[in-house]
Each structure stands twice: as structure tokens, then as C-alpha cells.
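Student: build me a model:
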Amino acid sequence: MRPKMAKFISVFNNKGGVGKTTLTWNVADALAEKGKRVLLIDFDPQCNLSIAMLGADAFKSLVSNAVQPRTVRSFLQGYLQNTGPGPISIHDGPHTNENVKIVAGDFWLNVYSDSLSVGNDLLTGNGIAKFTAIRTLEAKLREDGEVFDYVMIDLPPSFGGLVRSALYSSDYLVIPCTSDTFSEYCISLIAQMLPQFIADWENGIVRFKQNNYGSPEYDNLGKPQFSGWIFNGYDTRSRKMLRADQAHYHNIDESNNRLAENLNQHVKSYAAVREIDGESYNIGKVEDMNVLMQNSLWLNVPAAKLDQHKQVKNLTGDKQKWSEAQLKLIGKVRRQINAIADKIIQELK
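Tutor: Model prediction:
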């Protein structure tokens, strides 16, 4: 029987600081705890996902070899040299579930991003492969026996070539948002840009088929589906979301509804929006982790597992027990992350 294909999820918002990296890592770990195999691709030149999961020293060792770094660069370099895809290295985090693997990022991704020409590569149909390299990467891992249920892609906060490449390779788009006006504004930008990205892809595929005798190789790509948003970093008092955060939640929810309406209106070639039950595209909420997040990054431990470790007291490395309030917050974050993972399993099929 043919194995089930991995589902590709781009985690993206044009706004920085919305928790793309931490949500990608933590949700992947929760999915793995539920028996799923997850491949993380750090497609952000800042490489924060790689550093968080692997640790700074381990990450430095992967990028230190300029001839053959064990990062995403080793696979992508050949696309720029016309030699084809190169070797793939995947890595484990010391405290992340062993069913989560990562293709480490590389600052060199800035070079790859600059090489992705919409005019010369995409619209002419001559460089489609460069824009879908992530799919090729997963396919080659599958050939080698590394089979995944999900591929989650962490992206930079921009509308550049890396984001286009990930979206063209993805089945789903999930948008993290924080409690501020800029999140609402950036969703409106996505509503403007995504239909243009899709139109460019479709034009490029027409040219590609003209030059390649109608090849169906890319027919199922270039069709990212907006699948929902995550509210991240809000505050609570007396078990209730603060009034200001409630107001932002409502406004951002409405912005995502308008995004869905815009996609349905302007994208006619496929279902660009996931069907939902109810009126909200929100797929989960994770409240402000405060000191938990600092410890998570220092210890390279997903937030839901921090109660298995002592917290870092200061930068000298001294450690101490968590307070009761902190342990309650860890438990609450764990439940919130698990709820998002359950939603993904149930609805992103």
C-alpha cells in the first residue's frame, strides 16, 4: 500500500515577534508526543528554530564547515550551481521528542533567497524546481526511509523568495498572531499578496507545460490553503483574558475572516480556504509564557516539558526549582499546545 503523503504546513506572518518559531517547535513536539513524525525545516536565515531546538553550540558546529555544512545549504547549494540537489542532513534536539527531526537553517539562505527570481525562474517556467525544493527534499528523505506525517516550515517575516518557495510547496498556511494592532494590519497584507503569489505560480506553470510537453510534475503544488490562525502571547487575570487582549483577539479574528473572504473571491482555481465549522478560523490560543520562554530557549527544552527540568536562575547557569505559579503555567501551556496539535491532526488531513 502506498504510504500516506506528508502534509506541509507553512507557519507564517509578515510581522516579526509573533511566535512563529516557538509555536512551530512546540507544536511539532506535541504532535510527536501523539505518535506523529514531524520534519522541521528552518527556512529563516536568522536560524532561531535551529538554535532553540539544537542549542547554540551544536548549531555552530553544523555551519562551521564552509565546504559541506550540515544545514539546509548542503541540499540547496546545487540549485545555484546547476548540479542538482545535494546531501540532506537531519538532526535531533536533545530534549525534543525523537520523532521530530530538523533540517537546520543557515545564514546562507539570504543568498538562496536572492537567487529566486520571480521573472526569470517562475514566470518563465524555467526555474520552478528552485521554488519547490522543499518538496524535493522531503521526497528524497522518503526514498531513504525517513517518512514523516507533517513537514512544518518556519519562515522569515517578509514576502520574499523564501516565503514564496515555502507557500508553493505547502498544503496549509497557519498564521500566528499576537495581541497588537500590527498583527491585524499584517493579515491584511497577506490578503493582498497571497492571491498575487498564486497567480504568478499559475502563470509560470502554463509556461512550464508549454516547454515540457504538458508535464504534470507540479500540478498539485502552488495551492496553499489558509487553514487558520493562532493567538499567541496574551495575558490573563483571574482565569480571564485581559480586556485589551480580548479586543485584539476580536479584531484579529475579523481580519482573518476577511482574509478568507478575499481568497475565496480572488482564487478560483482551487479551494484556497479550509472549510470550518463555526465562524472563527482560530485554531488555538497560547498565553504569554513570560520567564518560561527564556528558560525554554536557554535549556533547549520545549515549554511543555520545562517541569522536567530546573529553571535557569541567571546567565551563570545556576538552577532552581519552579514556583507553584510557574508550574501551573507550564501545565496550562502544555494543554494549550496539545489542543493545537489535536486540532491539526483532526482537521489538516
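Student: surely Lys305 and Gly93 touch.
Tutor: No - counting by Cβ atoms under 8 Å, Gly93 is not a contact partner of Lys305; they are 10.8 Å apart. (C-beta placed from N, C-alpha, C; glycine too.)
Student: more neighbours, the two?
Tutor: Gly93 (23 against 18; other Cβ atoms under 10 Å).
Student: the more buried one contacts Lys101, doesn't it?
Tutor: No - look at Gly93 against Lys101 with Cβ under 8 Å: they stay out of range, at 9.1 Å.
Student: could you pull out the strands in the chain for me?
Tutor: Counting by DSSP state E, the chain has these strands, from start to end: 7-11, 38-42, 100-103, 150-154, 172-178, 225-234, 236-237, 240-241, 282-287, 311-312, 319-320.
Student: who wins for proximity to Arg135 among those strands?
Tutor: strand 7-11 (7.5 Å; Cβ to Cβ).
Student: what's that closest one packed up against?
Tutor: helix 20-33, helix 133-143, strand 150-154, helix 161-169, strand 172-178 (3 or more Cβ pairs under 8 Å, 6 or more residues apart in numbering; DSSP states H and E).
Student: any chance of those in CSV, plus mean pLDDT, mean neighbour count and distance to Gly204?
Tutor: Listed next are the helices and strands packed on strand 7-11 as CSV, based on pLDDT from 0 to 100; neighbours: other Cβ atoms under 10 Å; distance: least, Cβ to Cβ, whole Å:
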stretch, mean pLDDT, mean neighbour count, distance to Gly204
helix 20-33, 97, 26, 27
helix 133-143, 97, 18, 15
strand 150-154, 98, 27, 20
helix 161-169, 98, 24, 9
strand 172-178, 96, 25, 19
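Student: for Gln196, which of these is the nearest?
Tutor: helix 161-169 (10.1 Å).
Student: with only the CA atoms kept, save that closest one in PDB.
Tutor: Provided in PDB are the C-alpha atoms of helix 161-169 (Å, rounded to 0.1, in the frame of the first residue of the first chain):
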ATOM      1  CA  GLY A 161      11.500  34.300  -2.300                       C
ATOM      2  CA  LEU A 162      11.800  32.000   0.700                       C
ATOM      3  CA  VAL A 163       8.200  32.600   1.700                       C
ATOM      4  CA  ARG A 164       7.000  32.100  -1.900                       C
ATOM      5  CA  SER A 165       9.000  28.900  -2.100                       C
ATOM      6  CA  ALA A 166       7.500  27.600   1.100                       C
ATOM      7  CA  LEU A 167       4.000  28.500   0.300                       C
ATOM      8  CA  TYR A 168       4.200  27.000  -3.200                       C
ATOM      9  CA  SER A 169       5.400  23.800  -1.500                       C
END
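Student: and the contacts of that helix?
Tutor: 8, 10, 12, 41, 43-45, 109, 112-118, 122, 130-135, 153, 155-156, 173, 194, 197, 200-201, 221-222, 224 (Cβ atoms under 8 Å, 6 or more residues apart in numbering).
Student: the same query, at a cut-off of 6 Å, please.
Tutor: Residues outside helix 161-169 that contact it (Cβ atoms under 6 Å, 6 or more residues apart in numbering) are 8, 10, 43, 113, 116, 131-132, 134-135, 153, 155, 197, 201, 221-222, 224.
Student: ok, so of the residues you listed, who is nearest Ala339?
Tutor: Of all these, the one with the least separation from Ala339 (Cβ to Cβ) is Ser10, at 20.8 Å.
Student: so what's Pro176 up against?
Tutor: By Cβ under 6 Å, 6+ apart, the neighbours of Pro176 are 13, 18-20, 23, 230, 232.
Student: 10 Å - rerun?
Tutor: Applying Cβ atoms under 10 Å, 6 or more residues apart in numbering, we find Pro176 in contact with 11-13, 15, 17-24, 183, 229-233, 284, 286.
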